[in-house]
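>>> sequence and predicted model, in that order:
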Amino acid sequence: MKGIDIYSGQGSVDFNAVKESGVEIVYIKATEGVTYTDSTYQTFYNGAKEAGLKVGFYHFLRANDPVSEAKHFLDAISGLSVDCKCAIDVEVTMGQSTDEISSNVRSFADYLIAQGIEVCMYTYVSFYNDNLNSTVKDLPLWIAEYGVSTPDIDESYVGFQYSESGSVDGISGDVDLDEFADGILVGGTVVIDPSQGGDDSVKTIQQELNTLLKRGLEVDGIEGNETEQAIKDFQSIMGLEVDGIWGSNTEGAAQQIFSRPLDGVEYPHYEYATRYIQYRVGADIDGVFGNGTEEKVETWQENNGLTADGVVGSDTWSKFLD
């Protein structure tokens, strides 16, 4: 899932344009230390929610009493509905040792967990390796490293910030760009495992697109430009909003196709399955199985060694999908 993380320095944000650009998740800075509250976090929250984006908050951890910092963070976001794990942003030493920094992160995290709040930890690869010990390395990890396709780390992670100078419609100037796995969401558990090469949920999407569109995508679990374009192509065929996001409507269309319904002029109407059939046989794609579609199906069946009856049953579906 494509994401961004923002703070008051971004200025005014058009969240509808952000969503239209393909972003699904917005992380918003809420607090820092024990006194600072970002001036725009409530405005950003309202705008992102109204646009239908998934929202998370982060706190920039300083060197104060970690429970006091945690309480300050919770006071700020009290009553707000979050879709993503609350993030502890730890990236400065402030003269502390590795053990001291790790103890602060652990105490902050444990306080939130005790309140029933799911957390993750954000940091850079170098900071993770040099300034944190094993006591915090069980926390879901959102890792940052720039100029690489994947972060140079052996740990599994739920988020990868790959740029601090990205560009997104709806925001003037540079913005942080992220790729998130399902595990960044509240209740989510899917991680990106470097040893396995990518997000399993994205791999599933890529496999489905290869079956549906015969696209030949690399099944690497990374939702890059080619995968995004394949999603858009599928959405266009299905008559859906072409946003490059594999949401519930897009998934539902794919699942209707994979259910392989018996389809024909005299059979129940299945819009997405019919659209896919029309796409494969070269008929006009309107989601209605009429006589013109039947003729195209008959021709396709004959050319592929099937009984040319104009009905899409198990044999024809097997030729389409297997």
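Now that the structure is in, tell me what you want to look at. Residues are numbered from 1 along each chain as shown.
>>> ok, and the closest non-adjacent residue to Gln235?
Val242 (4.7 Å; C-beta to C-beta, 6 or more residues apart in numbering). To be clear about C-beta, it is placed using only N, CA and C from the backbone, and glycine gets the same treatment.
>>> what's the neighbour count on that neighbour?
As a burial measure, Val242 scores 15 neighbours (other C-beta atoms under 10 Å).
>>> list the contacts for it?
Taking C-beta atoms under 8 Å, 6 or more residues apart in numbering as the contact definition, Val242 lies against Lys232, Gln235, Ser236.
>>> check which helix or strand covers Asn46.
With elements delineated by DSSP states H and E, Asn46 resides in helix 41-50, which encompasses its position.
>>> what comes up buried for that helix?
The neighbour-count check on helix 41-50 (16 or more other C-beta atoms under 10 Å) flags Tyr41, Phe44, Tyr45, Gly47, Ala48, Lys49 as buried.
>>> dump those to JSON lines, plus pLDDT and distance to Val191.
Converted to JSON lines, these look like this (pLDDT from 0 to 100; distance: C-beta to C-beta, whole Å):
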{"residue": "Tyr41", "pLDDT": "98", "distance to Val191": "27"}
{"residue": "Phe44", "pLDDT": "98", "distance to Val191": "27"}
{"residue": "Tyr45", "pLDDT": "98", "distance to Val191": "26"}
{"residue": "Gly47", "pLDDT": "97", "distance to Val191": "29"}
{"residue": "Ala48", "pLDDT": "97", "distance to Val191": "24"}
{"residue": "Lys49", "pLDDT": "97", "distance to Val191": "26"}
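>>> which stretches in the stretch 51-200 of the chain count as strands?
Listed in chain order, the strands found in the stretch 51-200 of the chain under DSSP state E, counting those that start in this stretch are 54-60, 86-89, 119-124, 141-144, 159-166, 175-180, 192-193, 198-199.
>>> can I get those strands in TSV including distance to Trp246 and mean pLDDT?
Below are these laid out as TSV (distance: least, C-beta to C-beta, whole Å; pLDDT from 0 to 100):
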stretch	distance to Trp246	mean pLDDT
strand 54-60	14	98
strand 86-89	23	98
strand 119-124	22	98
strand 141-144	21	97
strand 159-166	17	93
strand 175-180	13	94
strand 192-193	16	74
strand 198-199	11	61
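>>> so which of these is nearest Thr98?
The stretch from the strands of the stretch 51-200 of the chain with the least distance to Thr98 (C-beta to C-beta) is strand 119-124; that distance is 12.5 Å.
>>> off-centre distance for that closest one?
Taking C-alpha atoms, centre = their mean, to the nearest Å, one finds the center of strand 119-124 at 17 Å from the center of the full chain.
>>> likewise stretch 117-124?
Going by C-alpha atoms, centre = their mean, where stretch 117-124 is centred and where its chain is centred differ by 17 Å.
>>> dump that stretch to CSV, restricted to CA.
Coordinates of each C-alpha in stretch 117-124 appear next as CSV, following Å, rounded to 0.1, in the frame of the first residue of the first chain:
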residue,chain,number,x,y,z
ILE,A,117,-3.2,0.5,21.5
GLU,A,118,-1.2,-1.2,18.7
VAL,A,119,2.2,0.3,18.1
CYS,A,120,5.1,0.2,15.6
MET,A,121,8.6,1.7,15.6
TYR,A,122,9.9,4.1,13.0
THR,A,123,13.7,4.6,12.5
TYR,A,124,16.5,4.6,10.0
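>>> all set, thanks.
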